[in-house]
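1. Next input, structure requested:
(2 chains)
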Amino acid sequence: MLSALSSGVVVGLCYALIAYGLAIVYRASGYFNMAQGEICMVCGYAVFLAVHVSGSLVVGVAASMAVGMLANAAQQIVIVKRIQSADHFSILVATLAIGTMLTEFVRLSINEGLPVSLAANVRNAALNFASFEQVHGIWIMLAVLGLALLLDFWLRAGRGGLALRAVGDAPQVALLFGVAVPRVHLQAMAVAGLAAGFTGVILAVSFSYLTPYISTTLMFHGLAIVLIFGVTWIWGVLLGGVALGLIEASIVLWGPVEYRELITFVVIIAVLLLRPAGVFRSRI
Amino acid sequence: MLSPYADGLITFGVVYTLMAAAIHIPLLANYLLLSQVGFMLIASYSSAALVLAGWPWILAAPVGVLASIVAAALVGLLGLRVKDFPLAIASIAISEALRLTIMSTGILGGISGLSGIPKAANAQVSVLILAAVMLGLAWFHQTRTCRAVIALGDDEISARAFGHNPVRLKLLVGVLSGLLCGCAGVLYAAYVRFLDPNFFGFSTLIFILVFVVVGGARRMFGPLLGVALLWVLPGYLSFLADYRLVAYSAVVLLILMIDPGGLSALAEKAARKIFAAARPLGRGTTNRSIQIRSQGGVNDKASAHDQPA
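-> A predicted model of the protein is given here:
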């Protein structure tokens, strides 16, 4: 049971990181980057390929971070910047199109779209590293906690974080005060890419296999967490992710497994109906 | 006599056009309601289940459409509590939940799908339905109600100040969207004869969104143009099969970077420029343009802009 619940926490942290990536871009730019899930999937594949070539998970982790940040930055510079003034629907569809292209690119170029997974010895070593009793992935939990502390400090006290909050609240006023708004948008995307890199590592290590289509369900969970727990407080997002992961683990342990996804969606819809402003009533 | 391939291409083209039109109507009100695939699922499954129970299509089809309308009205009420991106996500979640209900509970064939549905549609029937729908859409675009819906999308507060009821208008667009999804769902079930729940998933929604965006989300003929360009034409380019989604996504991004209004907006602007350039001087000119010309500064651009619309 402990093993299942600790896996649930790790999966929940994965959802939380996706949600955080969505939240940080929303706070800076006012839209949801619907390609965030696909970026995480690409990072997962980056880990797989790096480990396959080098045999080292450390190289895989570095590759995942780099790919996440570069992919998001490229997305911002090449595409999003040109349509940022368009309406919400156009941006929603543009980011969906970017996500679709990434999924198809991976499907067509890596293993013909068939599932891939890390070598068993690497995966088991990663899961069992610093494990205690039946609780696995403690290093993942600590790494995500460390990242959350860092990002929270940056957002509250760092100049970059202050600029991001200013641009998110009133971009015209921030511009008048000399804030380079396009650079802030790029920074937000890079931070989201860093979160995607972390997520890619968790996907590669914790999930039995990766497929190009793994991102759809992850995205919905991430979006649900953002909508329910808000965009202003990283700890709310982490809490939400862990809660969702534990709910799913509980359903697998004690409930009807075939209803796992359905129950998750029903919870999402119910919370949105009952508390449209979110559980913590933070701004969306 | 059409080949089976052409028959399928046209029928599916009509289904996608109806679905794209179903997304286009709420977008007139800036209403991000995206559960159209779920409404289509309800219409398809309810009409198919009735037909398999012994009902004739002539009775089962209206019931399927009605079920879709009722579902759309209920989901439309959600839009009164949730707006913008959260509404888009919640509505997609509802659509997915409907699909997962069938797959998880095993009702109506469950994950294996519903088979043995008697065929009752072909390309000719589809085109007749499409013609009726497009005429209806053209009529709707001329009405005051449509202008009120567009006003609601531009500025809800101002629309309210002018006496428009946002609740009634949002319900109306939801119902119209449900009607179109109902027609698409019934047509689909009557043609394919086998309902696979996986068809009614997120990927189908993305497919339809591509048609809407490329054609023009807020133009009446946008959905038709998008489907004609991206579905019917590539149907004859089978070598693109594996790369179809990549090509579609690239086209969407290109269109959005050039003009978020889509191809119909681009066509409209091009037509305006051509007609403005072709209009002879002295017809429909204003005093200002005469003044500019009399001062020796004949500026075609200025006089073109001064012409009454």
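
2. Every contact and neighbour count from this point should use C-alpha atoms.
-> Noted.

3. Which strand or helix spans A:W235?
-> helix A:234-254 (DSSP states H and E).

4. Can you name the element that comes right after that helix?
-> Helix A:234-254 is succeeded, C-terminally, by helix A:260-274 (DSSP H and E).

5. Show me what counts as buried in that next one.
-> Buried residues in helix A:260-274, counted by 16 or more other C-alpha atoms under 10 Å in any protein chain shown: A:260-266, A:268-269, A:271-273.

6. and chain B, which of the residues you listed contact it?
-> A:261-262, A:265-266, A:268-269, A:272-273 (C-alpha under 8 Å from any C-alpha of the partner chain).

7. quick one, what contacts whatever residue of chain A ends up closest to chain B?
-> The nearest approach of chain A to chain B comes at A:A97, 4.8 Å away (C-alpha to the nearest C-alpha). Counting by C-alpha atoms under 8 Å, 6 or more residues apart in numbering or on different chains, A:A97 makes contact with A:35, B:249-250, B:252-253.

8. Which stretches in chain B count as helices?
-> Using DSSP state H, the helices of chain B run over residues B:4-28, B:36-52, B:57-78, B:84-105, B:123-142, B:144-154, B:156-161, B:166-192, B:202-215, B:222-227, B:244-258, B:262-278, B:287-294, B:300-306.

9. What about residue 2, how many residues nearby?
-> Picking chain A for this. A:L2: 11 surrounding residues under other C-alpha atoms under 10 Å in any protein chain shown.

10. Sorry, I should have been clearer: chain B.
-> So B:L2, with other C-alpha under 10 Å, has 11 neighbours.

11. again with A:T232
-> 21.

12. ditto for B:K273
-> 13.

13. Let me see the contact set for residue 35.
-> You didn't say which chain, so I picked chain A. A:A35 is in contact with A:95-100, counting by C-alpha under 8 Å, 6+ apart.

14. wait, I meant chain B there
-> The contact partners of B:S35, by C-alpha under 8 Å, 6+ apart, come to B:91-95.

15. What distance do you get for the residue in chain B that chain A sits nearest to to B:D242?
-> Here the residue of chain B nearest chain A is B:S249; by C-alpha to the nearest C-alpha that distance is 4.8 Å. Between B:S249 and B:D242 the computed distance is 13 Å (C-alpha to C-alpha, to the nearest Å).

16. same question, A:I234
-> 40 Å.

17. more crowded one of these two?
-> A:I234 (23 against 11).

18. Touching, the more buried one and A:I18? I think so.
-> No. Counting by C-alpha atoms under 8 Å, A:I234 does not reach A:I18; the two are 11.6 Å apart.

19. starting at the chain centroid, how far to the helix holding A:W235?
-> 15 Å (C-alpha atoms, centre = their mean, to the nearest Å).

20. again, but for stretch B:151-166
-> Put simply, stretch B:151-166 sits 23 Å off its chain's centre (C-alpha atoms, centre = their mean).

21. So, low pLDDT: which residues of the chain?
-> Unless you meant another one, I'm taking chain A. For chain A, the stretches with pLDDT under 70 are A:128-136, A:231, A:255-258, A:276-284.

22. nope, chain B please
-> B:233, B:235-240, B:278-309.

23. Helices along the stretch 51-200 of chain A, start to end?
-> Shown for the stretch 51-200 of chain A, the helices assigned by DSSP state H, counting those that start in this stretch span residues A:57-75, A:81-83, A:88-109, A:120-128, A:138-157, A:159-169, A:171-176, A:181-206.

24. Would you reformat those as a markdown table and include distance to A:V10?
-> Formatted as a markdown table, those follow (distance: least, C-alpha to C-alpha, whole Å):
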| stretch | distance to A:V10 |
| --- | --- |
| helix A:57-75 | 16 |
| helix A:81-83 | 34 |
| helix A:88-109 | 24 |
| helix A:120-128 | 10 |
| helix A:138-157 | 7 |
| helix A:159-169 | 27 |
| helix A:171-176 | 36 |
| helix A:181-206 | 8 |
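
25. what's the closest of those helices to B:M103?
-> helix A:88-109 (24.1 Å; C-alpha to C-alpha).

26. Just the buried residues of that closest one, please?
-> Within helix A:88-109, judged by 16+ other C-alpha under 10 Å, the buried ones are A:88-107.

27. One more: stretch A:177-193?
-> A:179, A:181-182, A:184-193.

28. ok, which of those residues also contact chain B?
-> Answer for the buried residues of stretch A:177-193 near chain B: none qualify (C-alpha under 8 Å from any C-alpha).

29. And for residue 84, nearest residue in space, chain neighbours not counted?
-> Because you didn't say which chain, this covers chain A. Distances taken as C-alpha to C-alpha, 6 or more residues apart in numbering or on different chains place A:I91 nearest to A:Q84, at 7.2 Å, with adjacent residues excluded.

30. Can you look at chain B instead?
-> Nearest to B:D84 is B:L32, by C-alpha to C-alpha, 6+ apart, at 5.9 Å.

31. The one you found: neighbour count?
-> Using other C-alpha under 10 Å, B:L32 has 24 neighbouring residues.

32. just wondering, since we're on it, how far is it from B:V167?
-> Separation of B:L32 from B:V167 (C-alpha to C-alpha): 15 Å.

33. Out of the helices of the stretch 51-200 of chain A, flag the one nearest B:G64.
-> Smallest distance to B:G64 across the helices of the stretch 51-200 of chain A (C-alpha to C-alpha): 28.9 Å, for helix A:88-109.

34. Tell me the residues of the stretch 51-200 of chain B that contact chain A?
-> Checking the stretch 51-200 of chain B against chain A by C-alpha under 8 Å from any C-alpha, the hits are B:78, B:81-82, B:84-86, B:89-90, B:93-94, B:96-97, B:100-101, B:104-105.

35. thinking again about what came up before, look up how far A:V242 lies from the nearest residue to the residue of chain B closest to chain A once chain neighbours are set aside.
-> Excluding the flanking residues, the one nearest B:S249 by C-alpha to C-alpha, 6+ apart is A:A97, at 4.8 Å. Distance from A:A97 to A:V242, counting by C-alpha to C-alpha: 29 Å.

36. Identify the residues contacting residue 262.
-> Because you didn't say which chain, this covers chain A. By C-alpha under 8 Å, 6+ apart, the neighbours of A:L262 are B:97, B:100-101, B:104.

37. Please refer instead to chain B.
-> B:213-217, B:222, B:255-256.

38. what about it, distance to A:F32?
-> From B:G262 to A:F32 the distance is 21 Å (C-alpha to C-alpha).

39. Likewise for B:L263?
-> From B:L263 to A:F32 the distance is 25 Å (C-alpha to C-alpha).

40. Would you mind listing what in chain A touches chain B?
-> A:31-32, A:79, A:82-83, A:86, A:88-90, A:93-94, A:96-98, A:100-101, A:104-105, A:220, A:223-224, A:227, A:258-259, A:261-262, A:265-266, A:268-269, A:272-273, A:276.

41. Try it again at 7 Å.
-> Residues of chain A that fall close to chain B, judged by C-alpha under 7 Å from any C-alpha of the partner chain: A:82-83, A:86, A:90, A:93-94, A:97-98, A:100-101, A:104, A:227, A:258-259, A:262, A:265-266, A:269, A:276.

42. If you rank the contacts of A:L262 by neighbours, which is first?
-> B:L100 (25 neighbours).

43. need the contact list for it.
-> Counting by C-alpha atoms under 7 Å, 6 or more residues apart in numbering or on different chains, B:L100 touches A:L262.

44. Distance check, it against A:A196.
-> If you go by C-alpha to C-alpha, the gap between B:L100 and A:A196 works out to 27 Å.

45. next one: B:L263
-> 34 Å.

46. More neighbours: the two, which one.
-> Neighbour count, other C-alpha under 10 Å: between B:L263 and A:A196, A:A196 has more, with 36 against 25.

47. List only buried entries from the contacts of B:S35.
-> B:91-95.

48. From those residues, pick the one nearest B:G8.
-> B:S95 (25.3 Å).
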